[in-house]
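Participant: Show me how the following folds:
(chains A and B)
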Amino acid sequence: MQPRGDELTGWALLVPSVLLIGLLVYYPALVTLRDSLTGLNLRIPNSGSWVALGNYAQLLSTPEFWGVLGRSLLVVLFVLPAALAIGLGAALVLNQPFPGRGIVRTLAILPWMLPPLVNGFMWSWILNGDYGALNGLLYQLRFIGAYQHWLAHPAGQIFWVGVAQAWTRYPFSMVVLLAALQSIPDEIYDAARIDGSGPWQLFRAVTFPMLMPAFAVALTVEFIATFQIFDVIWSLTGGGAAGSVINPFTKTVMLYNYELVFRNLEIGLGSALAYLILIVSLGIGYIFVRNLYEKALA
Amino acid sequence: MKRPGILVAAGAGVLTLWALAPLYWVVVSSISTRTELYAAPYKHWLPAHPTFANYVDVFTTGPRYRAGGFLPSATILASGLRNSLVIALTSAAVIALLASLAGYVFARLRIRLKGVLFLALLSLLPLPIWVSLISLYFLLSGVGLVDTDLGMILIFVAYGLPLYVWLMQTYIAGTPKEVEEAALMDGAGRVRALFQVVLPMARAGLVSVFLVAFLTTWNAFLIPLIFSNTEASQPLTVVLSLFIGQYEVAWEAMSAAAVVTMLPPVFLALFFQRYLVRGLSMGALQ
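Facilitator: Presented below is the predicted three-dimensional model:
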């Protein structure tokens, strides 16, 4: 049944949401798109002339862009396997019945719910070269003879950014994989066991293939989350706190974009980069999903 | 229940340790005296003289752990706490209201352009909001909404709505239609039916939307970093980032401030997790 006046009521209820999303999300996205085709730079008067795809071409031809992109992909290549492996291990454990399982599950999800900025701070304190917990622990266990400055080298910085990010991201993979594990019917295992399969064969022949779609989801989401990492780097290896220079050794795409727009005021170039990030995020997400589905079906 | 194998027990132990060890260290730091914390080699994994003095300090004393600051750190920490609470609570409440209204329309009403609007909404879910934020900064500064709680709330509401409208739509679509129709037959209007019949049935969804929106807003950093400049609107995450300077950091005080910032998320995660996981997972692509 459809009371009269629904058309009017419906629109009245939608208006606030439509207005807010239209004015604050869609309209600025279009402005950014237009700006990305101009040379707008707030430090240079009258700089907003039309350059068509010039900004995109300029970005793709500068070494700094490729350096930044490479650094982002390096972090992604570290975090994705780490978060998925930890998530899978955690899901396999939590899929077994044991007393206290609910509590362990709750605690294991906790890192995902913390502010990423605090997460970065936390790891910077753990890794502190003078008083940090990692030094204290390893020294006490006699793994190291003297305190180390873990964040002194660029490679170390990227590595620990990856660790901190994996620590906060694995619960998502865990949740997705656990749900997938719980949806595998017991009959399949029973049938395989009757055929004489051991635990490892069961995992390889039954569990792992059945998890493929969940892996695809987890990979895509983790890729997009980590490709756009910002907060953790800001507080762990020095974004640009208190107006300081953004650390070049962990400058990933989002930090670079922040620097271009809000430090250098190169609006045109920064807008183009923002759309490149959007394209890469969507494109790679799509490729991931398609490849994994095809492999799962083959 | 079968007795767990040794492998499962070990796995559960390692998992718990991995999830909690970093948090343990920050909590211990926040209740340690500086003498114990800065002992090298470190040996006070359980503080010999646990103290809450660091918590009192960060909220009452001046700039000694602030890098090159202007206002006393206690002042901006207090204003940060106030801003975080005001922004996160108001945003979550407004989101819960608007998402209920719009979710109801998408779930139950037949109006023109509904399909197009719903598509325009859902297609925002996987898109990075960053492309909008860049221009939005200059648009909002033109109308004086930068560095205000109101501006921040508008932004969080607008950027959250696509996800939360979708969530409310699925929850409302899952409530039995007959109850609502009975209310309509009794002469209730659509709006009354929504508030008196439909929303009470979809209250799990409403709670979930409110809590996820609160958590996401409380944890946010990039949006407030861009849109706030002073204690007028800087939330706790931004205040905390100001304390991380290139000069001396007082780690025991920083840890206390960090624990305060983490307290609401930890509380929600421990006691309301079933309301959070679904919403956070559905919003994970953002």
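
Participant: going forward, measure contacts between C-alpha atoms and count neighbours the same way
Facilitator: OK.

Participant: low-confidence ranges in the stretch 51-200 of chain B?
Facilitator: Along the stretch 51-200 of chain B, the parts satisfying pLDDT under 70 run over B:62-71.

Participant: near chain A, which residues of it?
Facilitator: For the stretch 51-200 of chain B, the residues in contact with chain A under the definition CA under 8 Å from any CA of the partner chain are B:67-68, B:98-99, B:101-102, B:105, B:109-112, B:126-136, B:139, B:154-155, B:157-159, B:161, B:181, B:190-191.

Participant: Generate a ChimeraX selection restricted to the buried entries among those.
Facilitator: The following ChimeraX command selects only the buried members of these, with burial defined by 16 or more other CA atoms under 10 Å in any protein chain shown:
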select /B:67,98,99,101,102,105,109,111,126,127,128,129,130,131,132,133,134,135,136,139,154,155,157,158,159,161,181,190
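
Participant: Which ones among the residues of the stretch 51-200 of chain B next to chain A map onto helices?
Facilitator: Members of those lying in helices (criterion: DSSP state H): B:98-99, B:101-102, B:105, B:130-136, B:139, B:154-155, B:157-159, B:161, B:181, B:190-191.

Participant: what's the burial count for the residue lying closest to A:Arg71 once chain neighbours are set aside?
Facilitator: Computed as CA to CA, 6 or more residues apart in numbering or on different chains, the closest residue to A:Arg71 that is not its neighbour in sequence is A:Thr252, at 5.8 Å. For A:Thr252, the neighbour count with other CA atoms under 10 Å in any protein chain shown is 25.

Participant: Run through the residues that contact whichever residue of the stretch 101-250 of chain A sits closest to chain B.
Facilitator: Chain B sits closest to A:Pro115 of the stretch 101-250 of chain A, with a gap of 4.3 Å, by CA to the nearest CA. By CA atoms under 8 Å, 6 or more residues apart in numbering or on different chains, the residues touching A:Pro115 are B:Trp218, B:Asn219, B:Ala220, B:Thr237, B:Met262, B:Pro265.

Participant: With B:Ala99 instead?
Facilitator: Contacts here follow CA under 8 Å, 6+ apart; on that basis B:Ala99 touches A:Ser17, B:Leu161, B:Tyr164, B:Val165, B:Trp166, B:Met168.

Participant: got these as CSV, with distance to A:Val104 and secondary structure columns?
Facilitator: Written out in CSV, the entries for these read as follows (distance: CA to CA, whole Å; DSSP: H, G, I helix; E, B strand; the rest coil):
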residue, distance to A:Val104, secondary structure
A:Ser17, 39, helix
B:Leu161, 32, helix
B:Tyr164, 29, helix
B:Val165, 32, helix
B:Trp166, 31, helix
B:Met168, 30, helix
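
Participant: any idea which of those residues is the one closest to A:Tyr286?
Facilitator: For A:Tyr286, the closest of the contacts of B:Ala99 turns out to be B:Trp166, at 21.7 Å, with distances computed as CA to CA.

Participant: Which element is encountered next along the chain beyond whichever strand or helix holds A:Leu177?
Facilitator: With elements taken from DSSP states H and E, the one containing A:Leu177 is helix A:154-182. Toward the C-terminal end, the helix or strand that comes next after helix A:154-182 (DSSP H and E) is helix A:186-194.

Participant: chain center to that next one, what's the gap?
Facilitator: Computed by CA atoms, centre = their mean, to the nearest Å, the chain-centroid distance of helix A:186-194 equals 37 Å.

Participant: Show me which residues of it are buried.
Facilitator: In terms of neighbour count (16+ other CA under 10 Å), helix A:186-194 has its buried residues at A:Tyr189.

Participant: For the next helix or strand after that helix, name the packing helices and strands.
Facilitator: Proceeding C-terminally, helix A:186-194 gives way to helix A:199-202 as the next helix or strand, assigned by DSSP H and E. With contacts defined as 3 or more CA pairs under 8 Å, 6 or more residues apart in numbering or on different chains; DSSP states H and E, the secondary structure elements packing on helix A:199-202 are helix A:186-194.
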